[in-house]
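*Asks:* whatever this is, show me its structure:
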Amino acid sequence: MKSRIAFWSILKKDIRNYYLKPPNISWGIIFPLSWTLMQMIRASGGVNLSDIREMLPGLMAMSILFGTTSMLAVTITFERKGRSFDRLLLAPISLSTMLAAKLSGAILFGLFNAFVPVIFAAFFVDLAGISWGVVLLAVFLIAVTSTLLGLVIAVSAKEVFEAQTFSNFFRFPMLFLCGLFLPVSSLPMVLRFFSYLLPLTYGTDLLGGAILGTSMMPPGLCILILIAFAAVLFAFCRHSVQRKWIL
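*Replies:* Numbers count the residues shown, from 1 in each chain. Purely as a prediction, here's the structure:
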């Protein structure tokens, strides 16, 4: 019961205090939103309706990636600087419960961001035939793995701008390596190797299969790989927090 109360208290505090912080608004909402509009509205001021549905998996994955990593950079770094994170580490709850609560806020933020492109696309194209159950599962798994990647970055930063800078070193290459807008099969072999080392590649492929009916890998394989990534990243983050922040 204490763990449950602590979990919800931390989650509600993060939602109330951090969702509308400037870094979250700029990188977590405005950037994916502007990128979505830029991709949908093409040259000569017309909307290329035939491409919108094809772009949707990449736009959703990108929105999740930027939303979750921005959220973690703000919450963790602000609290470390203000020493409130130290008080959480001293609280009578397990480290896993505390991390799960911190991660949940970013995951929810990513889930919200994921459907912003869907709302815009619904005004222009027919979204019938989409496997929404698979989409929801893919969005959740992408949000979890992207949030954990954000925590890996946040552990190494002392200031918000440092966390955002470190994040961009990973986020922008992933726009081109993970099949968001360029097919992985069209990349050179060396870059393709790095693509398969990134969890977002499997999440984007899973979304592509659910929305477009085209995917490189079986959905079950993508789901298993994403779950494995999530488990490994959570264990790594827990170990890093315990080693670096707990004396």
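*Asks:* so how far is Leu207 from Trp132?
*Replies:* Here the criterion is Cβ to Cβ, to the nearest Å. By it, Trp132 lies 11 Å from Leu207. In this view, the C-beta of every residue, glycine as well, is placed from N, C-alpha and C.
*Asks:* neighbour count: these two, which is higher?
*Replies:* Neighbour totals were compared for Trp132 and Leu207, and Leu207 leads with 30 against 11 (other Cβ atoms under 10 Å).
*Asks:* and that one, what helix or strand is that in?
*Replies:* helix 199-211 (DSSP states H and E).
*Asks:* what is that helix packed up against?
*Replies:* On a contact count with 3 or more Cβ pairs under 8 Å, 6 or more residues apart in numbering; DSSP states H and E, helix 199-211 meets helix 49-81, helix 132-155, helix 219-245.
*Asks:* so which of these is nearest Leu191?
*Replies:* In terms of Cβ to Cβ, the element of those nearest to Leu191 is helix 49-81, at 16.6 Å.
*Asks:* orientation of the closest one relative to helix 199-211 in degrees?
*Replies:* Comparing the axes of helix 49-81 and helix 199-211 via axes from the mean of the first three to the mean of the last three Cα atoms, to 10 degrees yields an angle of 140 degrees.
*Asks:* give me the buried positions along stretch 215-224.
*Replies:* Across stretch 215-224, burial judged by 16 or more other Cβ atoms under 10 Å covers Ser215, Met216, Pro219, Cys222, Ile223.
*Asks:* which of the three states applies to Ala128?
*Replies:* Classification of Ala128 into helix, strand or coil gives coil, according to DSSP: H, G, I helix; E, B strand; the rest coil.
*Asks:* low-confidence ranges, the chain, go.
*Replies:* Of all residues in the chain, those with pLDDT under 70 make up the ranges 1-2, 20-29, 36, 39-50, 81-92, 157, 160, 244-247.
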